[in-house]
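In: Let me see the structure of the following:
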Amino acid sequence: MAGRGRVLTGAESPRRRYALLASIVLLGFAVRVVAVSLWQENLVQDRDAYLALAAGLLEGRGLSSPGTTRPTAFRPPLYPMLLAARGGADALAYVAIVHVLLGTATVALTLLLARRLGLGTRAAALAAGIVGLDPLLVLYTTFPMTETLSTFLTTALLLWIVHFAQAQGPPRRTSLLFAGVLFGLNVLCRPTLWVFGLLILLHGTIRVVRRLPRQPSQSAESAEFRGRLFRAWPAMAGVLICVLPWTARNWNSLGAPIVTTTHGGYTLLLGNNPAFYQEVVAQPVGTVWDGSRGPGQSAWMESINHEMDRMGLESEIARDRWMSRRARRNIASDPIMFSRASLLRLLRFWNVVPSGGAADGVPQFLRWAIGAFYAVVLLSAAGGLVRWLRLRDARLTPLVLLIASFTLVHLFYWSNVRMRAPVMPAVAVLAASLIGRCTGLRSIARRHETR
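Out: Below is the predicted model:
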């Protein structure tokens, strides 16, 4: 009989199955340990000033501009708070340990996510293996930047959303509260997740509206809709628990209730200005804004700062708003170049080979190996996306919405390949769903196998 009495053998036996899954997680751990050992100097390269922000917290200056007591909201607060938790410990060792643990946990969460979505053992192991060996995720394990923490948090959030979607009956209030807190932590690490939250909310609202009965009176439908929304209050409370302190702090210290950061205007203008259009967008693909085709990025930024200084714009908020307005004017005045710049940002976001400064010192054979890895993964993920569209499997929808939200945001804002780090576990699961030919993602309309 092909039924329930089937004996598990080979890779399907529980012992071998667990050994396979454990080995994938251990592989991700080992790769990250090797990475932080080989590139220890990266651990103190403070490109985004997170170490400096953490130092301000440790010294009692609060979240302030490096070397000053001036409050700042230029960067999201969660990651520097995590760094500051080390107390007086050595920064290099602390960042290495935390990043290795977070990266390894992300591999494990990807495994759980894949299994929760119905992927078989080998396909789930493949998804986790992709994350474990992902060159982008491994490299940024060695830098004090938000990529490692944000990738861990987004993967945890996806797993929780999928868990809710598959749960029988209404979720518990404590579970909803935890989901809200988890989302709040995500947006305090990477504000781009606000767009993902809006897409999830829109998708959920549409699903609720479609399920409402059409026969009862309009007032009855409206009451049921309000009731379902009201039951989600613990999740909203969880978000507020995380976000309100940050918003209140900004209102008190900076004079405005900033929910995200004061970084948005800069990143919008950085990718939408005449200098960038002329020196990069109008040049061959792959051109870097390094001054080889004009004054360069540093000269442009210096001129922008001088202009804001002449106008008397001193506060972060005023400068952020001015840059945002200037960027919108640039977009409106030259829609063709904006469209070309958006296409370039899309290509940069989904680039498969190291380019620009990231390619310096990378041997040619390694570039080809990285390119081949990402080409296979991204093409497979595209195939998984096609399957999602064809089978209309709602279980994969949160993954697709996460990828879509990051892609959409970086069509407008400054973009490069590291910006996509938080969506790579979702990409890996989509890729594995195609490569592994998972039976769990078949259409529900397909007949069950004979038991």
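
In: For the closest residue to Thr68 other than its chain neighbours, report the pLDDT, please.
Out: Ranked by Cβ to Cβ, 6 or more residues apart in numbering and with sequence neighbours excluded, the top spatial neighbour of Thr68 is Arg61, at 7.6 Å. Yep, even glycine has a C-beta here, placed from its N, CA and C like the rest. Per-residue confidence at Arg61 stands at 94 (pLDDT).

In: now Pro354
Out: Per-residue confidence for Pro354 comes out at a pLDDT of 79.

In: and it, helix, strand or coil?
Out: At Pro354 the chain is in coil, as set by DSSP: H, G, I helix; E, B strand; the rest coil.

In: who's in contact with it?
Out: 362, 367, 370, 417 (Cβ atoms under 8 Å, 6 or more residues apart in numbering).

In: coming back round to it: test my guess that the residue nearest to Thr68 contacts Thr69.
Out: Yes - the pair Arg61 and Thr69 qualifies as a contact (Cβ atoms under 8 Å) at a distance of 5.1 Å.

In: The longest helix seen in the chain packs against which elements?
Out: Ranked by residue count and defined by DSSP state H, the top helix of the chain is helix 364-391. Counting contacts by 3 or more Cβ pairs under 8 Å, 6 or more residues apart in numbering; DSSP states H and E, helix 364-391 packs against helix 135-139, helix 397-412, helix 424-435.

In: Please state the offset of it from the chain centre?
Out: Averaged C-alpha coordinates place helix 364-391 at 18 Å from its chain's average position (Cα atoms, centre = their mean, to the nearest Å).

In: avg pLDDT for it?
Out: The predicted confidence, averaged over helix 364-391, sits at 91.

In: Return the set of buried residues in it.
Out: Buried residues in helix 364-391, counted by 16 or more other Cβ atoms under 10 Å: 370, 373-374, 377-378, 380-381, 384-385, 387-388, 391.

In: ok, and what's touching stretch 37-45?
Out: 36, 51, 91-92, 95-96, 139, 142-144.

In: 10 Å - rerun?
Out: 35-36, 51, 90-96, 99-100, 138-145 (Cβ atoms under 10 Å, 6 or more residues apart in numbering).

In: Any idea how far apart the tips of it sit?
Out: The first and final residues of stretch 37-45 sit 15 Å from each other (Cα to Cα, to the nearest Å).

In: still on that earlier bit, in three-state terms, label the residue nearest to Thr68 for me.
Out: coil.

In: Next, count neighbours for it.
Out: With neighbours defined by other Cβ atoms under 10 Å, the count for Arg61 comes to 17.

In: Am I right that it is in contact with Ser253?
Out: No - the pair Arg61 / Ser253 is not scored as a contact, 11.6 Å apart, by Cβ atoms under 10 Å.

In: Quickly list what's touching both of those two.
Out: A shared contact of Arg61 and Ser253, defined by Cβ under 10 Å, 6+ apart, is any residue touching both; here these are 70-71.

In: shouldn't Leu82 be in contact with Ser150?
Out: No - with contact taken as Cβ under 10 Å, Leu82 and Ser150 are classed as non-touching, separated by 11.3 Å.

In: In terms of neighbours, single out the busier of those two.
Out: Counting neighbours by other Cβ under 10 Å for Leu82 and for Ser150 shows that Ser150 has the greater number, 25 against 18.

In: Look up how far Val423 lies from the more buried one.
Out: Between Ser150 and Val423 the distance is 10 Å, computed by Cβ to Cβ, to the nearest Å.

In: Give me the common contacts of those two.
Out: Overlap between the neighbourhoods of Ser150 and Val423 consists of Thr192, taking contacts as Cβ under 10 Å, 6+ apart.

In: Give me the below-cutoff pLDDT ranges for the stretch 51-200 of the chain.
Out: Under the criterion pLDDT under 70, the flagged ranges of the stretch 51-200 of the chain are 88-90.

In: hmm, 90 instead?
Out: Of all residues in the stretch 51-200 of the chain, those with pLDDT under 90 make up the ranges 67, 86-92, 118, 120, 163-175.

In: Do you have the helices of it handy? List them.
Out: Under the criterion DSSP state H, counting those that start in this stretch, the stretch 51-200 of the chain carries helices at the ranges 78-84, 91-116, 121-133, 135-139, 147-166, 173-189, 193-211.
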